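In: sequence plus predicted model, see below.
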Amino acid sequence: MSALGYFDNPWALKIDLMLRGIRVVDPLAKAWACGTSGIDMLLPEETLVNIPCREEFTERSPYELRKREETHYITDGVSEMNAEILPMPEFYSRKTTTGVPFGDIAVVHGSYTVITPSPKCDFFDTDSECRYCTLNKNIDGVPKRDFTVEEVLEAVGVVLKEGLSKIIYLSVGFTEGDDGGIEFLSPYIKAIKKHYSCLLAVEALPPKKNRWIDDTYALGADSILYNMGIFDAELFEVICPGRSRLVGRKRYLDALKYAVGIFPNGTVASHLIVGLEPPGSTRIGIDYLTGMGVVPILPIYRPRAGRTLRIEPLTTEIIIPVFKHLYTAVKKSGVNFKWVRDISMVTTPAEASMLMEGAESEMSLLKNLYGSHLGLKAAWGLSTIRRKLRVKNGDK
Amino acid sequence: MKVEIDTRSIWVLLGIKTLRPLFFILISIGLWAVVTMEPADGLSPEGQRAIGVFLLCLVLWVSNMVPVAITSLLAIVLVPLLGILPRSETYAFFGNEAVFFILGAFILAGAVMHSGLSNRIALTMMKRYGHSPRRLLVSIFLLAAVLSFFMSEHAVAAMLLPIALEISKALGLRPGRSNYGKLLFFALAWGSVIGGVATFLGGARVPLALGILQETTDSTIGFIEYTVAVFPLVVVLLIVGYLVLTRIFPVDIPDVAKAMGVIEKRAKGLGRLRYSEYAVGVVMLLTIAAWSTLGHTIGLSTVSLIAVAVLFVFRLVRWKNIEEYVNWGIILMYGGAIILGSALDKSGAARWLVESLISDWATSQWAVFAVFSFLAIALTESMSNAAVIAVLVPVSIGMSDNLGIDPALLTYAIAVPAGLAFMLPMSTPANAIAISSGYVSVKDMVKGGFIMFLTAWVVFNLVAAFYWPLIGLGG
């Protein structure tokens, strides 16, 4: 038995690793993590995890990544578990024909590849910026340009060809306007859908008018995320002042509710960041969102130096019941959670099921069916047929 | 992009989508069954197949599952394919005079509209006569009717729509609420419909009926002869229409001063009469004169095409301008309908249908006349008026021999009522245009349209019974 007690359950260990991070001694592994948000590893039972290793708080982590002969393992000094470092995709060492490193355009997180075509957000470097935001990387102050549709297409093409991910995740920062960023993303969504048979998730701001949600679906988005981040109204106002003032918590909830009626069951999601609000508040958020038909996704807050917003104390013992509650809530509400799977950055509801007794069959079903090539093709085909049936073009 | 998301159950949507292929599978099986089954007594195998194609087209025309023109093309393909008529003969029917008359009429109407002449006439008439709510209403009603004597009723309704909308806006009429708003758009729609039956030019259905008549019997009806026969009906329907409308929707505004402002502003915007308007007007008048005097000798279509040539010789219009006014779908539809009618006739199917289906109750000339006119006026409410002609005329002509009725008389019995659609927006584009304004609801249209439907049928039969003998028709 380990000192920490999670080595017998990779899914519990995943949560603890995401909370505490890991110390990396191996220079090769360090190089891997360099330039990305953490190190992508595969624990037993094909449990994918992105472990923070660069942040200050990870220096105090009890976990260390070591290497014995050719095998990496994680240890807390007492117990150990073999873990495979996912090979650095060749993708990261290549550039687009215009000379942009693919790694600048897209980041692979397990079965998802996140693409942010514009590095801008109107909140960056203002009082309105979300306090936990880690996306503002414009350290040198030189304005970054938007990636062109062709560059993004090229990146998607390489990602799919290398088999790195099956789902493309487009995200956009805050901009003034009624559309929540969809007008900007529209050519990217259309181009990706036109050229590739892949599933597409879109993370945007809730638009002021619901017709933009209709448009998002009609354009080709298979999944939509309006990430609240924090459910507690007061904390939302304090930690996300810009979004609170210019979008409003109510609009988040209204837009999510409306989107549930438009998108397929289980494809409307919202992040609730564990650690930014009391666990009880996260639980209330989970109940509220699942009650509407929304899938809550629970990333764990990674504190940055000088910006410690984490609720203390925060331990895995406290967090695990929240994830268990997540699984219970999605099951109870009948929300399909199969869409949200194999993400290294978060513990999905399906993974949360593995923290409970007797839920093994669901994970194996997910892996065997939904994760298979045939399963993905079927999901894409069904999603496309559904869109063809539902969308009526008013211009016709 | 303007999209709408249908949030009904996916199974419901899937069911709806499945209906379409299912429909086509079923009608294909139906056609195959009719074509392959043993021919009925007295019916040749070609006749049986012609009936199969006829039923297929009937279903497609009524259901509107494919555009009417495509149904006609299907008929053109199936007639030779099933061995009903030889291929060369089938396609030769497409060169029927009626098709070219319709083409010429479309181009002439396009020239009148493109030159701005029709718009000028409309505005001048309204400016001159429309100084009170009732007079303005009558102006629009009569204007729509009179313009439809010379050009397609659909084009007239479409041309007057923006003017009527501006008048409604200037008068502050509330869509769906204002009686006067309803009256304006009813006047526009019904005026076009009633006026559209007065001559060959109001729509292509009369030329189509004539085409079928000519192909099957070698007889025809003259331009003036037709107008003289139908004109009293038009006058009575205009009066009844006005009375019905003003009774159901009493005028609810005191004056039309603001509307006059709009009309005057628009009329001023037209400037002085231009050479092209003047010249197109002269060509149109000469054409009508030639139709009336030379139609019998050189043919209506020849007159139309000469007029079209004159327009282009004098560069009064350019092909690019005319293209948008020519409804090629209707031309294809009519060509197909003539082929289908000829196939029914030449294969003996029309005669067989008449003998086996209608001969029992067709005890007198007038019973047959009344029944066919009723079928035509009833069917035209729910299907294209040209389709009504295509379905009924060949059958009625097949009957004329048995009963000793002049086939031209039965052609009138169908061609005229087939143009009188008052009840539903799908009956004719003029009604659809009135509904699209937002001032007239379908309920309003059914209410007033039903009275007009019955009135039109009764008046048509009365005109045929008492007036036509006076002019030597059907006596």
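Out: Nice, I can see it.
In: and the strands in the stretch 1-150 of chain A?
Out: Using DSSP state E, counting those that start in this stretch, the strands of the stretch 1-150 of chain A run over residues A:23-24, A:39-43, A:47-51, A:64-68, A:71-75, A:80-82, A:84-85, A:106-109, A:112-115.
In: which stretches of the stretch 301-450 of chain B form helices?
Out: Counting by DSSP state H, counting those that start in this stretch, the stretch 301-450 of chain B has helices at residues B:319-323, B:328-346, B:349-353, B:365-379, B:385-403, B:407-415, B:429-436, B:442-462.
In: also the stretch 201-350 of chain A?
Out: Using DSSP H, counting those that start in this stretch, helices in the stretch 201-350 of chain A cover A:211-219, A:233-239, A:241-246, A:249-262, A:279-292, A:316-333, A:349-353.
In: which one of these lies closest to residue B:63?
Out: Comparing the helices of the stretch 201-350 of chain A against residue B:63 with C-beta to C-beta, the closest turns out to be helix A:211-219 (28.6 Å). (Glycine included, C-beta is placed from N, CA and C.)
In: any idea whether residue A:163 is helix, strand or coil?
Out: When states are read from DSSP: H, G, I helix; E, B strand; the rest coil, the local structure at residue A:163 comes out as coil.
In: count the residues that sit near it.
Out: When neighbours are defined as other C-beta atoms under 10 Å in any protein chain shown, residue A:163 has 9 of them.
In: ditto for residue A:79
Out: When neighbours are counted by other C-beta under 10 Å, residue A:79 comes out with 17.
In: how close does it sit to residue B:85?
Out: Plainly put, residue A:79 is 90 Å away from residue B:85 if you go by C-beta to C-beta, to the nearest Å.
In: mind checking pLDDT for whatever residue of the stretch 201-350 of chain B ends up closest to chain A?
Out: Using C-beta to the nearest C-beta, residue B:329 is the residue of the stretch 201-350 of chain B that sits closest to chain A, at 17.2 Å. Predicted confidence (pLDDT) at residue B:329: the value is 78.
In: and if you look at residue B:236?
Out: pLDDT, residue B:236: 95.
In: verify the stated contact: it with residue B:458.
Out: No - with contacts counted by C-beta atoms under 8 Å, residue B:236 stays clear of residue B:458, the gap being 10.0 Å.
In: and chain B, which of the helices of the stretch 201-350 of chain A is closest to it?
Out: For chain B, the closest of the helices of the stretch 201-350 of chain A is helix A:211-219, at 4.1 Å, according to C-beta to the nearest C-beta.
In: against which helices or strands is the closest one packed?
Out: For helix A:211-219, the helices and strands in contact under the criterion 3 or more C-beta pairs under 8 Å, 6 or more residues apart in numbering or on different chains; DSSP states H and E are helix A:182-195, strand A:223-225, helix A:249-262, helix A:373-390, strand A:391-393, strand B:3-5.
In: okay, now residue B:289: neighbour count?
Out: Using other C-beta under 10 Å, residue B:289 is surrounded by 11 other residues.
In: secondary structure element holding it?
Out: helix B:275-298 (DSSP states H and E).
In: tell me which strands and helices that helix is in contact with?
Out: In this structure, helix B:275-298 makes packing contacts with helix B:97-115, helix B:117-129, helix B:223-248, helix B:300-313, judged by 3+ C-beta pairs under 8 Å, 6+ apart.
In: perfect, I'm done here.
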